[in-house]
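Colleague: all I have is the shape, not the residue letters:
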């Protein structure tokens, strides 16, 4: 089954597109993360890996929600998507580690491709005292509006919330 899937990815151009978009963004983020202090470097490297897991499920998987297809999105859209996920994860981490929140946000500023866009999302998230589906909804709406990825439908939102929060849980279990 793995060989057939790999051949399908090559024929469809999905693997080529992933190497030119998703993987470029991951490399850029990883290089910036390596410049952070040790704690923040480890935290954001976990966030990058978790973001990649969520992105794989949402945009590249054969089980992805209808209407989400990675081949339709360009490099800049992937940057915005990853910036949004990293901002979401930094917000959640800041809630759980109030004493490290400032350092986490300084590291976020150093790692995202567009700090002003990340600040906009953070300001929308700061009205929340905890993380729930409405918090994930803020991030999904931001992705739709800024990255032009996805649509405001329940299936895409549910998959985003489930995948992004599960990936965050995986990151924090390793931190």
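Modeller: Done, it's in. Treat the numbers as computed from the prediction; the structure is a model and nothing was measured.
Colleague: distance check, the residue lying closest to residue 168 once chain neighbours are set aside against residue 155.
Modeller: Spatial nearest neighbour of residue 168, excluding adjacent residues (C-beta to C-beta, 6 or more residues apart in numbering): residue 89 at 5.5 Å. For glycine as for every other residue, the C-beta is placed from the backbone atoms N, C-alpha and C. Applying C-beta to C-beta, to the nearest Å, the value for residue 89 to residue 155 is 23 Å.
Colleague: more crowded one of these two?
Modeller: Between residue 89 and residue 155, counting by other C-beta atoms under 10 Å, residue 89 is the more crowded of the two (27 against 12).
Colleague: residues in contact with that one?
Modeller: 47, 50, 51, 168, 171 (C-beta atoms under 8 Å, 6 or more residues apart in numbering).
Colleague: secondary structure element for it?
Modeller: Here residue 89 sits within helix 75-96, counting by DSSP states H and E.
Colleague: could you pull out the helices for this structure?
Modeller: With DSSP state H as the criterion, the chain has helices at 2-12, 14-20, 22-33, 38-55, 75-96, 101-111, 115-125, 133-146, 154-174.
Colleague: what's the most buried one of those helices?
Modeller: For those, the largest average neighbour count (mean count of other C-beta atoms under 10 Å) is found in helix 75-96, namely a mean of 22.
Colleague: could you give the angle of that helix to helix 38-55?
Modeller: Inter-element angle recorded for helix 75-96 and helix 38-55: 120 degrees (by axes from the mean of the first three to the mean of the last three C-alpha atoms, to 10 degrees).
Colleague: measure how far helix 75-96 is from the centre of its chain, please.
Modeller: 5 Å (C-alpha atoms, centre = their mean, to the nearest Å).
Colleague: quick one: that helix to helix 115-125, angle?
Modeller: Between helix 75-96 and helix 115-125, the angle comes out at 40 degrees (the same axes, to 10 degrees).
Colleague: what's the angle from helix 75-96 to helix 22-33?
Modeller: Using the same axes, to 10 degrees, helix 75-96 lies at 50 degrees relative to helix 22-33.
Colleague: if we can go back for a sec, export the helices of the chain to TSV and tack on distance to residue 69?
Modeller: As requested, the helices of the chain are arranged in TSV below (distance: least, C-beta to C-beta, whole Å):
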stretch	distance to residue 69
helix 2-12	10
helix 14-20	9
helix 22-33	13
helix 38-55	13
helix 75-96	12
helix 101-111	27
helix 115-125	23
helix 133-146	15
helix 154-174	12
